[in-house]
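J.: predicted structure and sequence below. I'll ask about it afterward.
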Amino acid sequence: MSEWKEFREEMLKDPEVKKEYEAFAPEFAIIHAIIEARKNSGITQKQLSEKSGIAQGDISKIENGNANPSLGTLKRLAAGMDMQLKLEFIPL
């Protein structure tokens with residue numbers, strides 16, 4: 001197991017930390033989905049930037065969790081990867 005995973009598991013034993021971590025689950029899911037979709041498309045951030053018209057620096061910020069993309073930005077990213085965006089609500 002990686003040092004990060006060990007550290008995360010240890011930290012998540014604290015109920016307060018776990019609650020805060022879980023509160024960010026949707027943001028983590030979006031970041032993960034963008035990165036996986038881009039990698040599965042076989043393109044770099046720079047190539048996605050060229051195809052979507054979104055600055056590479058902005059794509060980097062989104063993928064690093066330093067920016068919250070709008071719905072419009074997510075749609076442009078999807079189109080830049082020749083994909084469509086699917087948003088769904090699921091029961092808790």
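T.: Alright, I've got the coordinates.

J.: remind me, longest helix of the protein?
T.: What stands out as the longest helix in the chain, according to DSSP state H, is helix 25-41.

J.: export whichever helix or strand comes after that one as PDB, just CAs?
T.: Using DSSP states H and E, the helix or strand that follows helix 25-41 towards the C-terminus is helix 45-52. What follows is the C-alpha trace of helix 45-52 in PDB, where atoms were taken according to Å, rounded to 0.1, in the frame of the first residue of the first chain:
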ATOM      1  CA  GLN A  45      -3.900  18.600 -21.000                       C
ATOM      2  CA  LYS A  46      -2.400  20.700 -23.800                       C
ATOM      3  CA  GLN A  47      -4.300  18.700 -26.500                       C
ATOM      4  CA  LEU A  48      -7.500  19.000 -24.500                       C
ATOM      5  CA  SER A  49      -6.900  22.700 -24.200                       C
ATOM      6  CA  GLU A  50      -6.600  23.000 -27.900                       C
ATOM      7  CA  LYS A  51      -9.700  21.000 -28.600                       C
ATOM      8  CA  SER A  52     -11.900  22.600 -25.900                       C
END
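
J.: where does the protein have low pLDDT?
T.: For the chain, applying pLDDT under 70 flags the ranges 1.

J.: centroid-nearest residue for it?
T.: Centroid-nearest residue in the chain, with CA atoms, centre = their mean: residue 31, separated by 0.5 Å.

J.: name the helices or strands packed onto the longest helix of the chain?
T.: helix 45-52, helix 56-63, helix 71-80 (3 or more CB pairs under 8 Å, 6 or more residues apart in numbering; DSSP states H and E). Every C-beta, even on glycine, is put in place using the N, C-alpha and C of the backbone.

J.: coming back round to it: quick one: contacts for the residue nearest to the centre of the chain?
T.: 62-65 (CB atoms under 8 Å, 6 or more residues apart in numbering).
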